[in-house]
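Novice: Could you work out the structure for the sequence below:
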Amino acid sequence: MDQTPPDAATDEALQALRDGRSRFVAGFSQRHRAMGRLLTTWMEGHAGPAGPLRESAHKMAGLAGMLGFPTVSQEAAALEAIITVEPLDGPAAIAALARMGAAFTGDLSREMPEWAATANDLAESQILLIEDDHEQRQLVATGLRAAGFRVITAESGPAAIAVAIAERPDLVLLDIDLPGLDGLAVCRRLRLDPALATVPVIFCTARGTSIDRLSAFAVGADGYVTKPYEPAELIMRIRRLLSRPPASSAAPAAAEDDLLTFDLFVSAARETLTEEPACLVLMRVPTPHAAFIIAGLTSDLRRRDLLGRYDDNHLVVLMPEYSKSEARAELMAILTALKPPPEGVAMGMADAAIGGSVEQLIEQSDLALAADRVARAGGQVAKTTLVIADDDPDVLHIIDARLRAEGFRTVLALDGQLALEAIGKEAPAVVILDLMLPKLSGFDILKHVSAQPEALRPQVIVVSARGREDDVARAFELGAEDFLTKPFNPDELVARVARLIR
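Specialist: Predicted coordinates:
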């Protein structure tokens, strides 16, 4: 049911990189602040070992370089090296953490990697910024221009409409409280103009109530950001919207209109989880059948179920009071009833009690989606099986998508114990192994693999941000066939895997 064509698999691999980059941008400030708190706590003597801080720096060094943030990767590696040495050089660690934060801004303003851009030339995109406060307007405009966008501005509702009609911007940033005509009325008028109806609109406002958000989405908003916000997050949202394929007049509009945007879905899901348990389903849908599937789900799901768009290839569904088995049975019944039943649909599920986290549910369902794909692809004996062990979900999915695009069958493991179990169960040809894993380290896995009979022993490529000579030497002593230091190019990893299985 999930026979992905080669071109689609390649697109999925690139999309995994783009999605990983978007999540990295949106979450960097939070990660950076958390690392600062860990460092402060450690220096004040309120905690023992520096394991959590070192692990955070280690992950940052590996992931950032893969996603087009080379300076962040370098500074994170420098921080890891500092906190590995005892006694701790506190001022040096603080300085390295500060440099890492500054490096993020610098890397974000650079030209994006080739894979991060779509067919649209985002650097040439023109943004209409509508803000009546002079200082805020200047500050935001400066940040947008530093990120490579062209910016035009307006200070009132009537002026915004006139500028939009004259300039035809590629995206609109819009406050709600404006003189002359409020932002909701401006958005409504833009949607009534055939030439501007599909231009993405993001509200940037100090209003943060659910009613305000719902009002904005009701008049056609594509995004909603509450002040104060992280500039990096705003730029990430802008790039995602500008990278979105243009709306097709031939596509059935009714199905699209009934989908919640991801932001609105998350907001509604949080409210639901405060009152009742639910199952969250992440569903991968083949693009040619997307409108057909959306129409069926919209028609047959319960009124209390939430249906939203996660990205161009995935839908997200929240089904209150359903277990995972009940949710799967219900969705399969809806899909099977469609004529003809669509192929290529995959589902990952996670359930939560009252008060559960939407973000954790999505992460769990994302991993379950990968497991569902692997389970249904298990009969394809012609494919070479690889085990990928990494505790960073973003790195895991990027490697997974790229190798699947080359036709490999992959089994994923987020910790050393799961990796060891997968090696025993799946008998993989190659293991792609991070060194720093929970429960069992990569070195522990290497010891186990090297003790197996040669005929049963998989080949191991170590992929780690730990590139010190002693780590490399120890990995090879324990039987690793290859060692790749993060950050790395996924294409290089594919080449090394192919070399080993010839």
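
Novice: where are the low-confidence patches of the stretch 351-500 of the chain?
Specialist: Screening the stretch 351-500 of the chain residue by residue with the criterion pLDDT under 70, one finds the ranges 370-383, 466-469.

Novice: can you give me the strands in the stretch 301-450 of the chain?
Specialist: If DSSP state E, counting those that start in this stretch is used as the criterion, the strands of the stretch 301-450 of the chain fall at 306-311, 314-320, 346-352, 385-389, 409-413, 430-433.

Novice: Which elements pack onto the third one?
Specialist: Judged by 3 or more CB pairs under 8 Å, 6 or more residues apart in numbering; DSSP states H and E, strand 346-352 is in contact with strand 278-284, helix 324-337, helix 358-376. (Glycine included, C-beta is placed from N, CA and C.)

Novice: and those as CSV, adding distance to Ala352 and mean neighbour count?
Specialist: Converted to CSV, the helices and strands packed on strand 346-352 look like this (distance: least, CB to CB, whole Å; neighbours: other CB atoms under 10 Å):
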stretch, distance to Ala352, mean neighbour count
strand 278-284, 6, 25
helix 324-337, 11, 16
helix 358-376, 5, 18
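
Novice: Of those, give the one that comes closest to Gly68.
Specialist: Between Gly68 and the helices and strands packed on strand 346-352, the shortest separation by CB to CB is 21.3 Å, and it involves helix 358-376.

Novice: Compute the distance between Asp182 and Arg54, please.
Specialist: Here the criterion is CB to CB, to the nearest Å. By it, Asp182 lies 50 Å from Arg54.

Novice: Just want to know which of those two has more residues nearby.
Specialist: Set side by side, Asp182 and Arg54 give different neighbour counts by other CB atoms under 10 Å, the larger being at Arg54 (19 against 15).

Novice: Excluding chain neighbours, give the residue nearest to the more buried one in space.
Specialist: Sequence neighbours aside, Ile83 is the residue nearest to Arg54 in space, at 5.5 Å (criterion: CB to CB, 6 or more residues apart in numbering).

Novice: Now the one you found, what are its backbone angles?
Specialist: The phi/psi pair for Ile83 (degrees, to the nearest 10) reads phi -80, psi -10.

Novice: follow-up on the earlier one: make TSV from the strands of the stretch 301-450 of the chain and add mean neighbour count to it.
Specialist: Formatted as TSV, the strands of the stretch 301-450 of the chain follow (neighbours: other CB atoms under 10 Å):
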stretch	mean neighbour count
strand 306-311	18
strand 314-320	23
strand 346-352	21
strand 385-389	25
strand 409-413	23
strand 430-433	26
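
Novice: export those to TSV and tack on distance to Glu276?
Specialist: Compiled in TSV, those are given as follows (distance: least, CB to CB, whole Å):
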stretch	distance to Glu276
strand 306-311	12
strand 314-320	5
strand 346-352	10
strand 385-389	36
strand 409-413	31
strand 430-433	40
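
Novice: And the helices in the stretch 151-300 of the chain, which stretches?
Specialist: Residue ranges of the helices in the stretch 151-300 of the chain, as given by DSSP state H, counting those that start in this stretch, are 157-167, 183-192, 210-218, 231-243, 253-257, 262-273, 290-300.

Novice: Which one of the ones you listed has the poorest average confidence?
Specialist: Least confidently modelled of these is helix 253-257, at a mean of 38 by mean pLDDT.

Novice: Nearest to Ile161, out of the strands of the stretch 301-450 of the chain?
Specialist: With distances scored as CB to CB, the stretch of these nearest to Ile161 is strand 306-311 (28.0 Å).

Novice: Just give me how far the closest one sits from the chain centre.
Specialist: 15 Å (CA atoms, centre = their mean, to the nearest Å).

Novice: Now do that strand: which elements does it pack against?
Specialist: Based on contacts counted as 3+ CB pairs under 8 Å, 6+ apart, the elements that strand 306-311 packs against are helix 262-273, helix 290-300, strand 314-320.

Novice: what's the closest of these to Arg240?
Specialist: Among the helices and strands packed on strand 306-311, helix 262-273 comes nearest to Arg240, with 9.7 Å by CB to CB.

Novice: okay if I get the helices and strands packed on strand 306-311 as JSON lines plus distance to Leu79?
Specialist: Compiled in JSON lines, the helices and strands packed on strand 306-311 are given as follows (distance: least, CB to CB, whole Å):
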{"stretch": "helix 262-273", "distance to Leu79": "32"}
{"stretch": "helix 290-300", "distance to Leu79": "43"}
{"stretch": "strand 314-320", "distance to Leu79": "34"}
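
Novice: so which of these is the most packed in?
Specialist: strand 314-320 (a mean of 23; mean count of other CB atoms under 10 Å).

Novice: Nearest approach to Leu437 belongs to which of the helices of the stretch 151-300 of the chain?
Specialist: Closest to Leu437 of the helices of the stretch 151-300 of the chain is helix 231-243 (CB to CB; 28.9 Å).

Novice: Please enumerate residues in contact with that closest one?
Specialist: For helix 231-243, the external contacting residues (CB atoms under 8 Å, 6 or more residues apart in numbering) are 18, 22, 25-26, 28-29, 104-105, 108, 112, 117-118, 120, 122, 125, 127, 140, 143-144, 147, 149, 170-171, 173, 200, 202, 204, 222-223, 225.

Novice: Identify those among the residues you listed that sit within strands.
Specialist: Counting by DSSP state E, the contacts of helix 231-243 place Ile127, Leu171, Leu173, Ile202, Cys204, Gly223, Val225 in strands.

Novice: hey, what's the fifth one bridged with?
Specialist: So the one you mean is Cys204. Beta-bridge partners recorded for Cys204 (DSSP bridges): Val225.
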